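Undergrad: What shape does this take:
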Amino acid sequence: MPITITPVAEKGCWSGSTWTIDHEDELAELIARVAIGQSRTVERILKATGDLPAGYPKGGFQGAKTLLTVGTGDKTYHRDGWVFQVIAWIAAHRFDENALIRSPQMIKADKGLDGLIIEFDDDGIAQVVICEEKATEHPRQKIKSQVWPEFEQFETGARDNELVASVTSLLEKSNDSDPDRTVADILWNEKRAYRVAVTVGDKHVSEKGRKRLFAGYENKVLGDVERRRAETLVLEDVREWLDKMAKMALAAIEDAEADSLV
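TA: Numbering: from 1, shown residues only. The predicted structure is shown next:
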């Protein structure tokens, strides 16, 4: 697997993990597959139920290349944000292979939920995890200005309609025989949890650095520690590295497109 998950925690405040990229080539291949529309195939690989097929589909190349390219007038951080969301989705599968995890959106600047995870226990749905995933050079600033306000909105119930629709849609892809009934029976104030994932530099690598980074989490999302998840990916230069990963994935797609013409 391309990503290693190392558990970390701040006692009484939050729990989570740091991510280490072990195999960039393998990660780029998975990103390419998601870009071309094969997220279900990648999901089977991440759950160790199959291998990547030998070939790509015979179409979808242009759309995939658009996702991985910063076009004229585009914002680099939109492309980088999409790539990071794919990485966060892969990391979520590594964290809990039995969870239902919404596939990455196929729009770079989508304004909806960054990600959604449904976790289960013996009684059914254990938690619905609302995800915010930010590729940024200024993680603390981004968390304070964008992530905490998003979480506070969900805590008030102001966006429950969006949450209900997303959870129902995700359950429809599972073995649930009546997703609408399942969602209707959820006690949302008890089941909702949160996950913030951000890129960080050396400043936030240490235990003290992570403590500063996620300071105040327990005041924005009240209750048990299990409701507050925090994830980090350490990158020396976030823009340079994400650009490299996008170009590696783009090269894989271009190779596949060339092969399809033979």
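Undergrad: pLDDT below threshold where in the stretch 101-250 of the chain?
TA: Flagging of the stretch 101-250 of the chain using pLDDT under 70 yields the residue ranges 109-111.
Undergrad: now the helices for it?
TA: 139-142, 148-156, 160-172, 179-184, 188-191, 207-213, 217-220, 238-260 (DSSP state H, counting those that start in this stretch).
Undergrad: wait, which of the ones you listed is closest to G37?
TA: Proximity to G37 (CB to CB) singles out helix 238-260 among the helices of the stretch 101-250 of the chain, at 11.1 Å. In short, each C-beta sits where N, CA and C put it, glycine included.
Undergrad: who's in contact with that closest one?
TA: With CB atoms under 8 Å, 6 or more residues apart in numbering as the test, helix 238-260 has contacts from 24-25, 27-29, 31-32, 35-36, 55-56, 58, 61, 64-65, 68-69, 76, 79-80, 83-84, 87, 135-137, 199, 201, 235.
Undergrad: Buried ones in that helix, by neighbour count?
TA: Buried residues in helix 238-260, counting neighbours by 16 or more other CB atoms under 10 Å, are found at 238, 241-243, 245-246, 248-250, 252-253, 256-257.
Undergrad: now the residues you listed as a markdown table including distance to W14?
TA: Output for the buried residues of helix 238-260, formatted as a markdown table (distance: CB to CB, whole Å):
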| residue | distance to W14 |
| --- | --- |
| V238 | 22 |
| W241 | 25 |
| L242 | 25 |
| D243 | 30 |
| M245 | 27 |
| A246 | 30 |
| M248 | 32 |
| A249 | 31 |
| L250 | 35 |
| A252 | 36 |
| I253 | 37 |
| A256 | 40 |
| E257 | 43 |
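Undergrad: now, among the residues you listed, which is nearest to I3?
TA: Nearest to I3 among the buried residues of helix 238-260 is M245, at 12.1 Å by CB to CB.
Undergrad: Buried residues of the longest strand anywhere in the chain, list them for me.
TA: Longest among the strand segments of the chain by residue count, using DSSP state E, is strand 124-134. When burial is assessed from 16+ other CB under 10 Å, strand 124-134 yields the following buried residues: 125-134.
Undergrad: which stretch of helix or strand covers the closest residue in space to L30 that isn't next to it in sequence?
TA: Excluding the flanking residues, the one nearest L30 by CB to CB, 6 or more residues apart in numbering is V42, at 5.2 Å. Here V42, judged by DSSP states H and E, is contained in helix 39-46.
Undergrad: What average pLDDT does the helix or strand following that helix get?
TA: Going down the chain from helix 39-46, the next helix or strand is helix 61-67, by DSSP H and E. The average pLDDT for helix 61-67 rounds to 90.
Undergrad: Give me the next element, helix or strand, following helix 61-67.
TA: Moving toward the C-terminus from helix 61-67, the next helix or strand (DSSP H and E) is helix 76-95.
Undergrad: Sort out which residues of that following helix are buried, please.
TA: Applying 16+ other CB under 10 Å to helix 76-95 flags 77, 79-93, 95 as buried.
Undergrad: Okay, angle between it and strand 124-134 too, please.
TA: Helix 76-95 and strand 124-134 are oriented at 150 degrees to each other (axes from the mean of the first three to the mean of the last three CA atoms, to 10 degrees).
Undergrad: contacting residues around Y194?
TA: Each residue near Y194 by CB under 8 Å, 6+ apart is listed here: 129-132, 151, 154, 221, 227-229.
Undergrad: so what's it bridging to?
TA: Assessed by DSSP bridges, Y194 has beta-bridge partners I130, R228.
Undergrad: just L116 next, same as before
TA: For L116, the beta-bridge partners are I130 (DSSP bridges).
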